[in-house]
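Asker: model this:
(one chain, ligands or ions: 1)
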Amino acid sequence: MADLASRITKPDEAPAAAPEAAPVSAPASEEPRAPENETSIEESQSNLVKNEYEVEIKLSDLQNDTESPLYSVSSFDELGLPEAVNRGLLAINFKKPSKVQEKCLPLMLSDPPRNMIAQSQSGTGKTAAFVLTVLSRIDLSKPHQPQALLLAPSRELARQIQTVVQTIGQFCENLIVEAAIPGAISRETGVRGSVVVGTPGTVMDLVKRRQFDISQLKVLVIDEADNMLDQQGLGDQCVRVKNMLPKTIQILLFSATFPDKVLRFAERFAPNANQMKLKHKELTVKGISQMFMDCPTEKDKYDILCKLYGLMTIGSSVIFVRTRETANEIQKRMEADGHKVSALHGAYEGQSRDVLLDEFRSGRSKVLITTNVLARGIDVSSVSMVINYDIPMKGPGEREPDAETYLHRIGRTGRFGRVGVSISFVHDRRSFEALSQIAQFYGIDLIQLNPNDLDDTERKVQEVIKSSRAQAEYVPSATDSAA
Ligand SMILES: Nc1ncnc2c1ncn2[C@@H]1O[C@H](COP(=O)(O)OP(=O)(O)OP(=O)(O)O)[C@@H](O)[C@H]1O
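Answerer: Residues are numbered from 1 along each chain as shown. As a prediction, this is how the structure comes out:
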């Protein structure tokens, strides 16, 4: 087993300045400079007070850096999208496509339609890639005829994708986008939109009750496809949904992770698909400084978490725990200790979950404790810190490190070129070895934080996240804007 020591930077070796942030914060001087009119943090509509930590970062620098997943050589205009869709992109300040958008869109839009399996790092714009395809393929003269079905693993992600379709499609006349999630579709009318975004169980129910006409569907998108097709989880439901759909449907599968076993299944699910794939070591996002805290005992994790509260509220933070019970317990204790936190997990009723996430998106609540239900896809640009209170584990008896979930969890920060910090807590040999294996799998150099020197932790974290505050404003996010 790999020793974590080989993958970490010890506290005394850690560079003083945001180590992992360097590739983002230092504009690549050897790369072509951005045209003057590209979006920069100075130009953005930020009302944040500027502070000494701020660094000048231009999205255009990243989009000109051939090493960046945001790199592209073309503009949206060159992709042949409908005019109303281009207007939508302009309205939300999307100037250039990211790599996954630039590479996949021409393949997905070609005729006759071909299936697609696409992998790209978290926060690199996969949603817009499939949303642009959907908006280009539907016939707006049939506004009540379901033509595209988009599936996601959680209610929250389905709602978020619905917002992105509505936001990018804001100039598409007669566009009706419905969410097929519990409680959203009226029993009297059934599904009445051309684009339907839902979770697989609810979609199955609607079809069985004949409230969803699937006969004219042209596109099936499965977001977080490795999770959705996993035979241990939602796989059966997705296969059942697919088997009911027209045989000619175009299938688009997207995720940041595609373990080999699931990829083989995905290739059968979406035959003859064009593919965009990444190697393990290409998967981590450079803007995320990945740190870990070796806590003396499990009990100490709570005290250390409370001491980090001030850092968590510089931006917004997500704390991931293993169970709903832990989420409730930590929330109760932190509130009793005078901290303002909220908790969201699957035991809450749908409407309350919606309210909780909307409050977090808008910044009314800044610290969210949650389970893996929010590990994937959720896009809140202000999240500057992710805490893995428990290391994610999987398999029988949860004995195996869950490298995919780790990547998705930390990917809630560092969205589209922003920077952020993740801190993973370990407290015993098992958690230490699990994190060690995850670090080795991705080839990450984790930065060790000293639980006895929280001033040092504060310094290291602040150097990264304070520099990200203004960045978080540099371009509006399609989801934030609607929150
Ligand atoms: N071309 C673009 N220009 C500017 N911002 C963009 C562009 N494409 C996407 N974004 C923004 O980038 C952010 C991340 O995009 P998105 O949520 O689609 O990431 P993702 O790749 O699906 O991530 P995850 O793997 O976590 O699901 C969003 O806030 C989105 O609005």
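
Asker: list the contacts of residue 297.
Answerer: For residue 297, the contact set (C-beta atoms under 8 Å, 6 or more residues apart in numbering) comprises residue 427. Yep, even glycine has a C-beta here, placed from its N, CA and C like the rest.

Asker: correct me if wrong, but residue 196 is in a strand.
Answerer: Yes: according to DSSP: H, G, I helix; E, B strand; the rest coil, the state of residue 196 is that of a strand.

Asker: isn't it up against residue 178?
Answerer: Yes: at 5.3 Å, residue 196 counts as touching residue 178 under the criterion of C-beta atoms under 8 Å.

Asker: neighbour count: those two, which is higher?
Answerer: Neighbour totals were compared for residue 196 and residue 178, and residue 196 leads with 27 against 23 (other C-beta atoms under 10 Å).

Asker: quick check: bridge partners of that one?
Answerer: Taking DSSP bridges as the rule, residue 196 bridges to residue 149, residue 178.

Asker: quick check, residue 413 in a helix?
Answerer: No: according to three-state DSSP, residue 413 belongs to no helix; its state is coil.

Asker: name the nearest residue to the residue nearest in space to the middle of the chain, sequence neighbours excluded.
Answerer: Residue closest to the average C-alpha location in the chain (C-alpha atoms, centre = their mean): residue 377, at 3.3 Å. In space, and not counting its chain neighbours, residue 377 is closest to residue 157: 4.2 Å by C-beta to C-beta, 6 or more residues apart in numbering.

Asker: got it, and residue 77?
Answerer: The shortest distance from residue 77 to any non-neighbouring residue, by C-beta to C-beta, 6+ apart, is to residue 86 (6.6 Å).

Asker: specify the local secondary structure of that neighbour.
Answerer: Classified using three-state DSSP, residue 86 is helix.

Asker: quick one: neighbours of it, just the number.
Answerer: 19.

Asker: now do it against residue 367, distance only.
Answerer: The spacing between residue 86 and residue 367, counted by C-beta to C-beta, to the nearest Å, is 38 Å.

Asker: then residue 241?
Answerer: Relative to residue 367, and taking C-beta to C-beta, residue 241 is found at 36 Å.

Asker: tell me how far the one helix or strand residue 236 maps to lies from the chain's centre.
Answerer: For residue 236, the element it lies in under DSSP states H and E is helix 235-244. With C-alpha atoms, centre = their mean, to the nearest Å as the basis, helix 235-244 stands 24 Å off its chain's centre.

Asker: same check on stretch 225-244?
Answerer: With C-alpha atoms, centre = their mean as the basis, stretch 225-244 stands 20 Å off its chain's centre.

Asker: kindly export it (C-alpha atoms) in PDB.
Answerer: Coordinates of the C-alpha atoms in stretch 225-244 are reproduced here as PDB (Å, rounded to 0.1, in the frame of the first residue of the first chain):
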ATOM      1  CA  ALA A 225     -23.500   8.700 -16.100                       C
ATOM      2  CA  ASP A 226     -21.100   6.500 -14.200                       C
ATOM      3  CA  ASN A 227     -23.100   6.900 -11.100                       C
ATOM      4  CA  MET A 228     -26.400   6.500 -12.900                       C
ATOM      5  CA  LEU A 229     -25.400   3.400 -14.800                       C
ATOM      6  CA  ASP A 230     -23.700   1.700 -11.800                       C
ATOM      7  CA  GLN A 231     -25.300  -1.700 -11.400                       C
ATOM      8  CA  GLN A 232     -25.100  -1.400  -7.600                       C
ATOM      9  CA  GLY A 233     -27.200   1.800  -7.700                       C
ATOM     10  CA  LEU A 234     -29.500   3.500 -10.300                       C
ATOM     11  CA  GLY A 235     -28.300   1.300 -13.200                       C
ATOM     12  CA  ASP A 236     -31.400  -0.900 -13.300                       C
ATOM     13  CA  GLN A 237     -33.800   2.100 -13.400                       C
ATOM     14  CA  CYS A 238     -31.800   3.800 -16.200                       C
ATOM     15  CA  VAL A 239     -31.800   0.600 -18.300                       C
ATOM     16  CA  ARG A 240     -35.600   0.200 -17.800                       C
ATOM     17  CA  VAL A 241     -36.100   3.800 -18.800                       C
ATOM     18  CA  LYS A 242     -33.900   3.400 -21.900                       C
ATOM     19  CA  ASN A 243     -35.700   0.200 -23.000                       C
ATOM     20  CA  MET A 244     -39.000   2.100 -23.200                       C
END
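
Asker: hang on, residue 147 packs against residue 217?
Answerer: Yes: assessed by C-beta under 8 Å, residue 147 is found in contact with residue 217 at 6.2 Å.

Asker: per-residue confidence at residue 5?
Answerer: Residue 5 is assigned 43 on the pLDDT scale.

Asker: same question, residue 466
Answerer: Note on residue 466: pLDDT of 74.

Asker: circling back to that earlier point, the helix holding residue 236: what's the following helix or strand?
Answerer: Heading C-terminal from helix 235-244, the first helix or strand you meet, by DSSP H and E, is strand 250-255.

Asker: so the nearest residue in space to residue 141 that is not next to it in sequence, which state does it fall into?
Answerer: Closest residue in space to residue 141, ignoring its immediate chain neighbours: residue 174 at 7.6 Å, by C-beta to C-beta, 6+ apart. Under three-state DSSP, residue 174 falls in the coil class.

Asker: residue boundaries of the strands in the stretch 151-300 of the chain?
Answerer: All strands of the stretch 151-300 of the chain, identified by DSSP state E, counting those that start in this stretch, fall at 177-180, 195-198, 219-223, 250-255, 274-276, 288-294.

Asker: deepest of the ones you listed, which one?
Answerer: The highest average neighbour count among the strands of the stretch 151-300 of the chain, using mean count of other C-beta atoms under 10 Å, belongs to strand 195-198 at a mean of 28.

Asker: how far off centre is that strand?
Answerer: 19 Å.

Asker: cool, stretch 326-338 as well?
Answerer: Here stretch 326-338 shows a centroid-to-chain-centroid distance of 26 Å under the convention C-alpha atoms, centre = their mean.

Asker: still on that earlier bit, number of residues surrounding the residue nearest to residue 141?
Answerer: 10.

Asker: surely it and residue 140 touch.
Answerer: Yes: if you go by C-beta under 8 Å, residue 174 and residue 140 touch, sitting 5.0 Å apart.
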